[in-house]
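> One predicted model, sequence on top.
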Amino acid sequence: MKNTILSAKGLCKSFAHNGKQNHILSNLDIDIYEGDFTVVMGASGSGKSTLLYALSGMDRATSGQVLYKGEDIVKMPEKKLSALRCGDFGFIFQQMHLVSNLSVFENITVPGYLNKSRTSAEVDKRAEELTEKMGITHIKKQLPSQCSGGEQQRCAIARAVINSPELIFADEPTGALNRKNTTEVLDLLTTLNNDGQSILMVTHDSRAALRADRIIYIADGTVIGDLELPRYTAESEKSRETQINSWLSSMEW
Ligand SMILES: Nc1ncnc2c1ncn2[C@@H]1O[C@H](COP(=O)(O)OP(=O)(O)OP(=O)(O)O)[C@@H](O)[C@H]1O
Ligand SMILES: [Mg+2]
């Protein structure tokens, strides 16, 4: 029996457009489980990023609840929410959003220093371990502009986990990468997940979805499909691909 890490109930999100409300999420219910590599898929514009932002407190839902450790983040005061985003949650985006005038190593350590749950020396030590794990030790003194896209994303992953978050939110983390870098980034996420890291990842890439323990499909502002999968192994890729592709076709993907 898996523990629920995040639970959304009756989640609604609308945006005002030309004087009328555009309903993107409508009464959406979802439980996310601890330790899972959960993937969210759906057509472009279906509200995947909107859902990720509402669940992570990057943006507030219009109504409904998002329960995390017994508290509703929809109603959480901004200061507390900001502490949650900096400590309990980690974020990875398609565009890495690294600070351009800081080195790779500094980009990784800054959220650690800001969080204050570790001393500076402990943050530095963890950052050293993470650069090793992400295979970017040799470029740790370089600026992001001196790194490849794949190296920048590996730096962004190290930054996302510097504070040992309970849950990582990733929005199309491989969207800007070539095939080789995509595989490297997915391998790192899989390694983190095998070490116990919970991940919630939005993707439109079925190769990325192969890594999932569970795929949630959204359309018309709500969950229309929920597929549970056995644990990913490289050997199981072929059979998973067939299963996932046939399920995605049934979702009219
Ligand atoms: N800040 C905003 N203001 C107004 N409309 C928005 C805003 N953010 C998103 N939307 C609208 O909400 C809808 C869903 O957007 P969202 O970015 O969540 O889609 P998505 O499923 O992530 O798409 P993609 O696969 O292309 O990234 C779109 O129609 C978009 O225009
Ligand atoms: Mg999106």
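Great, that's in hand. Numbering: from 1, shown residues only. Ligands and ions are numbered 1, 2, ... in the order given.

> Name every strand pairing with the host helix or strand of I215 and say which way it goes.
Using DSSP states H and E, I215 sits within strand 214-219. According to DSSP bridges, strand 214-219 has the following sheet partners: strand 37-41 (parallel), strand 222-228 (antiparallel).

> what's the closest of these to S145?
Closest to S145 of those is strand 37-41 (C-beta to C-beta; 30.8 Å). Every C-beta, even on glycine, is put in place using the N, C-alpha and C of the backbone.

> immediately after that closest one, which helix or strand?
helix 48-56.

> Can you tell me what sits against the helix or strand just after that next one?
Going down the chain from helix 48-56, the next helix or strand is strand 63-68, by DSSP H and E. If you take C-beta atoms under 8 Å, 6 or more residues apart in numbering as the criterion, strand 63-68 is touched by 5-12, 27-28, 54-55, 57, 72-74, 84, 88.

> Let's see that with 7 Å instead.
The list of residues contacting strand 63-68 from outside it, by C-beta atoms under 7 Å, 6 or more residues apart in numbering, reads 6-12, 54-55, 72-74.

> Likewise for stretch 236-253?
41, 206, 209-210, 215, 217, 224-225, 227, 229.

> Same question for stretch 33-48.
Under C-beta under 7 Å, 6+ apart, the answer for stretch 33-48 is 2-5, 24-25, 32, 51-52, 193, 196, 198-204, 209, 211-219, 221, 253.

> Pull out the buried members of the contacts of stretch 236-253.
Buried subset of these (neighbour count, 16 or more other C-beta atoms under 10 Å): 41, 206, 209-210, 215, 217, 225, 227, 229.

> Grab the two from the residues you listed that are most spread out in space.
The widest separation within the buried ones among the contacts of stretch 236-253 (C-beta to C-beta) is 16.3 Å, between L210 and G225.

> circling back: could I get the strands paired with strand 214-219 as CSV with mean pLDDT and distance to ligand 1?
Converted to CSV, the strands paired with strand 214-219 look like this (pLDDT from 0 to 100; distance: least, C-beta to the nearest ligand atom, whole Å):
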stretch, mean pLDDT, distance to ligand 1
strand 37-41, 98, 9
strand 222-228, 97, 13
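
> any chance of those strands in a markdown table, with distance to A176 too?
Formatted as a markdown table, these follow (distance: least, C-beta to C-beta, whole Å):
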| stretch | distance to A176 |
| --- | --- |
| strand 37-41 | 18 |
| strand 222-228 | 26 |
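
> quick one: the strands in the stretch 1-150 of the chain?
Under the criterion DSSP state E, counting those that start in this stretch, the stretch 1-150 of the chain contains strands at 4-17, 20-33, 37-41, 63-68, 71-72, 89-93.

> and S44, how many neighbours?
Residues contacting S44 under the criterion other C-beta atoms under 10 Å number 6.

> confidence score at it?
With respect to pLDDT, S44 scores 95.

> Around ligand 1, pick out the residues from this structure.
15, 17, 24, 42, 44-50, 204 (C-beta under 6 Å from any ligand atom).

> residue ranges with poor pLDDT in the stretch 1-150 of the chain?
Applying pLDDT under 70 to the stretch 1-150 of the chain picks out no residues at all.

> Provide a list of residues in contact with the closest residue to ligand 1 within the stretch 101-250 of the chain.
Relative to ligand 1, the nearest point of the stretch 101-250 of the chain is H204 (5.6 Å; C-beta to the nearest ligand atom). Neighbour list for H204: 41, 172 [criterion: C-beta under 7 Å, 6+ apart].

> returning to that earlier point: out of the contacts of strand 63-68, which one sits closest to R126?
Taking C-beta to C-beta as the measure, R126 sits nearest to L6 out of the contacts of strand 63-68, at 24.5 Å.
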